[in-house]
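> No letters, just coordinates:
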């Protein structure tokens, strides 16, 4: 212990603090999966990974396109003539054709209701890097951003760990479907001011992670008006925008500001990624799109610390430029997500488990196990979660790790497995519920 203390004294605060967030049950569940991974034949009693929001439902379409377009890669006979051009130094602006392809793809995902300027496309190492970079551009250590809760657990890492920025939760409640209102934002903002916290902005995840819901036009307009009145920033994380599989449709903040006359464009910023909509988290493609020239310039300079490889840019330029493929992929992806969501939630309903109503997007749903809690506390939630992970062998994420206010909610990811594995998961849940019964029949 003395040796550890002496060692920590010569290290930085980042190296020795515990602000990364990895001590959350959200990450502990992942560790349980890594120690005992499910496999249908080699380890059928293993843990099923239902804590990873990954879109694996359309890889057959991707693989087919790759086989039909071997010149998209510089590592094939057909594409090798581009190897030198792509392999040599590329500055941090990125390939021009890639930025144009991404801008067009972002427009298509938003039904071509908006346009994006390729010169405002800034690359980063995934949405994680993009979110951290925008924090470095907008805030100083000690400043804060309002974030509706429940929110993505890794925001504690992405937004806070290295930047020193604080998160001020905006409380949302199940009684009205966890709907965010301007009134709720005003309350959180006022409380922060009373605590002498300097609020620099509001962060929205639209579609919501973990709720799987979208914001309507009027709510977005009211929030744009709010940040303008307070002269603070609005950062819209729109990385799930192409996963909306049923009405209401997705509305981007880019569409909202087109309809407003009096607002400060310099306060509006969008985070995007190809990790969720296309299912390419391993490619680490994050995008910052800001309407603020200074932010674009600063973010581009900072992007040199987390660039997307030119080989990846080259491949994706070809893929995203194939409009016929993109149209078919987006359409088929929505159909498959809708079916999987329906099949999974209906399977849960058969054993009396409900999920948040109005969920129409994302790669997950918000499951209500409140009636199974011994008591309505977060301690009881974590006790139930431990049983689900260790005994039922399902890695689902407890609501407390999302900073939710009400115990008993769990995020369940449904798009990172095949149909057979879904049946295994449902059977395990059915067996658990039927064997244990509803211990809290009084509900919430």
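Done, it's in. Just so we're clear, the structure is a prediction, and the values are computed from it rather than from any experiment.
> So which residues of the stretch 251-400 of the chain form helices?
Remark: helices assigned in the stretch 251-400 of the chain by DSSP state H, counting those that start in this stretch are 253-259, 293-302, 310-321, 323-349, 378-387.
> how far does the last one sit from the chain's center?
Using CA atoms, centre = their mean, to the nearest Å, we find the averaged C-alpha position of helix 378-387 to lie 24 Å away from the chain's own average C-alpha position.
> what's the answer for the longest one, then?
Distance of helix 323-349 from its chain centroid, counting by CA atoms, centre = their mean, is 18 Å.
> repeat for the shortest one
What separates the centre of helix 253-259 from the centre of its chain is 21 Å, taken as CA atoms, centre = their mean.
> Can you point out the buried residues in it?
253-254, 256-257 (16 or more other CB atoms under 10 Å). Yep, even glycine has a C-beta here, placed from its N, CA and C like the rest.
> And the contacts of that helix?
110, 113-114, 116, 204, 206, 217, 220-221, 224, 234, 236, 238, 263, 265, 268, 270, 289, 291 (CB atoms under 8 Å, 6 or more residues apart in numbering).
> Throw the helices of the stretch 251-400 of the chain into TSV and include mean pLDDT and distance to residue 276, thanks.
Listed next are the helices of the stretch 251-400 of the chain as TSV, based on pLDDT from 0 to 100; distance: least, CB to CB, whole Å:
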stretch	mean pLDDT	distance to residue 276
helix 253-259	94	17
helix 293-302	95	21
helix 310-321	94	15
helix 323-349	96	10
helix 378-387	96	24
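> I'd like to know how many residues surround residue 380.
Neighbour count of residue 380, defined by other CB atoms under 10 Å: 18.
> What distance do you get for the residue nearest to residue 45 when sequence neighbours are not counted to residue 328?
Counting by CB to CB, 6 or more residues apart in numbering, residue 393 is the residue found nearest to residue 45 once chain neighbours are left out, at 6.8 Å. Distance of residue 393 to residue 328, given as CB to CB, to the nearest Å: 37 Å.
> ok, those two, which is more surrounded?
Using other CB under 10 Å, the more surrounded residue of residue 393 and residue 328 is residue 393, with 18 against 14.
> And the buried ones among the contacts of helix 253-259, selectable in ChimeraX?
Buried residues within these, by 16+ other CB under 10 Å, are selected in ChimeraX with:
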select :110,114,116,204,206,220,221,224,234,236,238,263,268,270,289,291
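> Quick one: mean pLDDT over stretch 110-119.
Mean pLDDT, stretch 110-119: 96.
> quick one, strands of the stretch 51-200 of the chain?
121-125, 144-149, 166-171, 199-205 (DSSP state E, counting those that start in this stretch).
> And the second one, what's buried?
Meaning strand 144-149. 144-149.
> do you know which of the strands of the stretch 51-200 of the chain lies nearest residue 303?
Smallest distance to residue 303 across the strands of the stretch 51-200 of the chain (CB to CB): 5.5 Å, for strand 121-125.
> Which strands or helices does that closest one pack on?
Helices and strands touching strand 121-125, by 3 or more CB pairs under 8 Å, 6 or more residues apart in numbering; DSSP states H and E, are helix 96-109, helix 126-138, strand 285-290, helix 293-302.
> Okay, now the sheet partners of it, with direction.
With DSSP bridges as the test, strand 121-125 is paired with strand 285-290 (antiparallel).
> what's around the spatially closest residue to residue 57 that is not a sequence neighbour, how many residues?
Spatial nearest neighbour of residue 57, excluding adjacent residues (CB to CB, 6+ apart): residue 336 at 4.3 Å. Counted with other CB under 10 Å, residues neighbouring residue 336 total 16.
> Could you do the one 4 residues further on as well?
Other residues within reach of residue 340 by the criterion other CB under 10 Å amount to 18.
> And for the one 5 residues further on?
By the other CB under 10 Å criterion, the neighbourhood of residue 345 contains 18 residues.
> wait, what's in contact with the residue nearest to it when sequence neighbours are not counted?
Nearest residue to residue 345 in three dimensions, chain neighbours excluded: residue 355, at 5.0 Å (CB to CB, 6+ apart). With contacts defined as CB under 8 Å, 6+ apart, the neighbours of residue 355 are 345, 348, 365-368, 412.
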